[in-house]
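>>> I'll drop the sequence and a predicted model, then ask my questions.
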Amino acid sequence: MQRGYFAPDSIVARLHSDPALIVGGIRALMEQALHPGAMAGVAKYSDFRDDAWGRLRRTGEYVSLVTYGSREEVDPAAERVRMIHRRLGLDTQEELLWVHTSMVDAFIDVAKRSGMPLSDMDIDDYLEQMVIFAELVGIDRESVPSSYEQLHRYMEEIQPKLKATEEAKRTSVFLTFPPMSPVLRFATPATGLWASVATLAAASLPRWARDVYGWPSFPGQESVTNRALVAFRNNALRLPEVMRMSPYAREQRTQMIGNS
């Protein structure tokens, strides 16, 4: 019996456990920052800069929970997210839809370019299943892109409304060089490693998004970025699962093995 919203063998569960999403998650935040209304709402988080790691960790944990957790766990968490959105005024359909759609756009694009085997049917299935993610945060089902074609159309139509505000630019810099404790900054390679991953995430943004930010592009950038993404994913796949998979994903797989 399926306990959660997504089956253990679903494309959502498979894609969200892929290490390419480490890059995809950071790119999604950079992409989301380009909507002035959504960025204004995010800026209201008083601890966004003071507790960078905590904020990023909690966002990742929510995605993992919805993907792998039971409905009894997911529903209260989704209600808390909706409550936060209402408190911040980040609850218009346009803003919520942009945050959701730019996230799935980043996840799909980075996963494909990193070498994860994804067919066109896989991508359409993923987008159709991710409508559940959108509904959980209060987005009307009818407005959510549920196919690759609809995703492309939405991303083209929304572009005139996007802008690299000063807050968006500061956020992109912050995501690349977040504040760290002295121990992390000076006694570990965390600063350099994080900056490398964030720089790769920025390079993976679509050309139109880099143009909005005003970032230069050089000849052959897409090819160089793709090779770097493949190398990142291949190296990450060599890490122990405890370092590259969320606790929720590992727990779900353990349950699958126990029930087989």
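Done, it's in.

>>> So what touches the helix or strand hosting Met155?
Element membership for Met155 (DSSP states H and E) is helix 148-158. Residues outside helix 148-158 that contact it (Cβ atoms under 8 Å, 6 or more residues apart in numbering) are His35, Trp98, Thr101, Val104, Asp105, Ile108, Asp120, Ile123, Asp124, Leu127, Pro145, Pro206. In short, each C-beta sits where N, CA and C put it, glycine included.

>>> what kind of secondary structure is Ile139 in?
When classified by DSSP: H, G, I helix; E, B strand; the rest coil, Ile139 comes out as coil.

>>> which one is it nearest to, not counting chain neighbours?
Distances taken as Cβ to Cβ, 6 or more residues apart in numbering put Leu96 closest to Ile139, at 5.0 Å, once the chain neighbours are dropped.

>>> ditto for Arg207
Nearest residue to Arg207 in three dimensions, chain neighbours excluded: Ser217, at 6.2 Å (Cβ to Cβ, 6+ apart).

>>> what's downstream of the helix or strand containing Ala209, the next helix or strand?
Assigned by DSSP H and E, Ala209 falls within helix 207-213. Next along the chain after helix 207-213, taking DSSP H and E as the criterion, comes helix 221-236.

>>> Now do that following helix, average pLDDT.
Per-residue pLDDT over helix 221-236 has a mean of 95.

>>> Spit out the contact partners of Trp208.
Gln159.

>>> what's the spacing between it and Met30?
Distance of Trp208 to Met30, given as Cβ to Cβ, to the nearest Å: 13 Å.

>>> repeat for Ala7
Where Met30 is concerned, Ala7 sits at a distance of 31 Å (Cβ to Cβ).

>>> the more surrounded of the two?
Met30 (23 against 14; other Cβ atoms under 10 Å).

>>> so which helix or strand takes in the residue nearest to the more buried one when sequence neighbours are not counted?
The shortest distance from Met30 to any non-neighbouring residue, by Cβ to Cβ, 6+ apart, is to Ser172 (5.3 Å). Using DSSP H and E, Ser172 sits within helix 166-176.

>>> and that helix, what other elements does it pack with?
Judged by 3 or more Cβ pairs under 8 Å, 6 or more residues apart in numbering; DSSP states H and E, helix 166-176 is in contact with helix 21-32, helix 36-43, helix 190-203, helix 207-213.

>>> Tell me which of the ones you listed is the most buried.
With neighbours taken as mean count of other Cβ atoms under 10 Å, the helices and strands packed on helix 166-176 reach their highest mean count in helix 21-32, at a mean of 24.

>>> So which elements touch that one?
So helix 21-32, by 3+ Cβ pairs under 8 Å, 6+ apart, packs with helix 36-43, helix 52-68, helix 93-113, helix 166-176, helix 190-203, helix 221-236.

>>> Dump these to a markdown table, plus distance to Ile22.
What follows is the helices and strands packed on helix 21-32, written out as a markdown table (distance: least, Cβ to Cβ, whole Å):
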| stretch | distance to Ile22 |
| --- | --- |
| helix 36-43 | 20 |
| helix 52-68 | 9 |
| helix 93-113 | 9 |
| helix 166-176 | 13 |
| helix 190-203 | 6 |
| helix 221-236 | 7 |
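
>>> What is the neighbour count of Gly89?
So Gly89, with other Cβ under 10 Å, has 12 neighbours.

>>> Just the pLDDT for it.
Reported pLDDT for Gly89: 73.

>>> Also Gln129?
97.

>>> residues contacting it?
Contacts of Gln129 by Cβ under 8 Å, 6+ apart are Phe6, Ser10, Ile11, Val12.
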